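In: sequence first, then the predicted structure:
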Amino acid sequence: MALFNMENPLVLTFGILGNLVAFLVYLAPAPTFYRILKKKSTEGFQSVPYVVGLLSCMLWIYYATLKSNETLLITINSIGSFMEAIYIFIFISYAPKNAKILALELIMLLNVFGFGLILVLTHFLVKGSQRVHVLGWISVILSVSVYVAPLSIMVPNIVGFIFGVLQIILYLIYKKSKVQDKLPTTMKPKIVISPEIHNPVCSLPAVEDDQNLEINITVDADEINGESEERMV
């Protein structure tokens, strides 16, 4: 085939690298299903990504058969179909009854009815080279939806993290300004002399942040008059 000769070394190189990356993507759920096999429970996992992934591989294989020299595309998607089928089989084997029924319904809806409908429509309604373009766009959109779907979980978490950091920053700024506002102001002492009590008393009341310091000193008036007369003599 023309793809495997040295006339297109760059295309061949990128094709092989693309297949290696795709293989790693198909291999990524393996630890999850190893845990399912070990615990014999699906632990709340869903079958949707694997059913849709299988449909994507089936569409790419159909797309590759309509073109020439697409051996790499057929190879990697055949491997992907096989691995997705294994994942689905393991899921159905250990899933609860409701999840098992839902997985079987999805398989019938997407992989049987959906794929068959696309096959019939593109075969009879689209002619010539347009069939390849239409099927290619369908395959691309489906593949993007498969790999972008986890972002529906990630994006809210990222946005929540950003807003959480902003809340912490605003709290620290507000707390700093509040502490500065509560610092005590300069206290102005005030002395009051009261002659009503016989014994001198000096009282220092508790000082609040925004209150002036007030000192009350009481002195007996008779004692003051006596001291004045002694000084005159």
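Out: Sure thing, it's come through.
In: residues near residue 35, how many?
Out: Using other C-beta atoms under 10 Å, the number of residues around residue 35 comes to 13. The way it works is simple: take the backbone N, C-alpha and C, and place the C-beta from them, glycine included.
In: where's it relative to residue 43, distance?
Out: From residue 35 across to residue 43, the span is 7 Å (C-beta to C-beta, to the nearest Å).
In: go on, residue 13?
Out: 40 Å.
In: low-confidence ranges in this structure?
Out: 1-8, 147-165, 171, 174-233 (pLDDT under 70).
In: go again with 50.
Out: For the chain, the stretches flagged by pLDDT under 50 are 1-6, 152-154, 196-204, 207, 209-219, 221, 224, 228-233.
In: check which residues of the helix or strand residue 11 falls within are buried.
Out: Per DSSP states H and E, residue 11 falls inside helix 9-27. For helix 9-27, a neighbour-count test (16 or more other C-beta atoms under 10 Å) marks 15, 19, 22, 26 as buried.
In: the protein: helices as residue ranges?
Out: 9-27, 30-39, 48-65, 71-94, 97-106, 115-124, 129-148, 151-181, 221-232 (DSSP state H).
In: winner for burial among these?
Out: helix 48-65 (a mean of 21; mean count of other C-beta atoms under 10 Å).
In: tell me which strands and helices that one is in contact with?
Out: Applying 3 or more C-beta pairs under 8 Å, 6 or more residues apart in numbering; DSSP states H and E, we find helix 48-65 packed against helix 71-94, helix 97-106, helix 115-124, helix 129-148.
In: what about residue 42, distance to residue 31?
Out: Taking C-beta to C-beta as the measure, residue 42 falls 14 Å from residue 31.
In: distance to residue 52 for the helices and strands packed on helix 48-65 - can I get that in TSV?
Out: Shown next, in TSV, are the helices and strands packed on helix 48-65 (distance: least, C-beta to C-beta, whole Å):
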stretch	distance to residue 52
helix 71-94	9
helix 97-106	8
helix 115-124	11
helix 129-148	5
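In: for residue 51, find the nearest of these.
Out: helix 97-106 (4.6 Å; C-beta to C-beta).
In: hmm, who's touching the closest one?
Out: 42, 46, 47, 48, 51, 88, 91, 92, 95 (C-beta atoms under 8 Å, 6 or more residues apart in numbering).
In: closest to residue 121 out of the residues you listed?
Out: residue 51 (20.5 Å).
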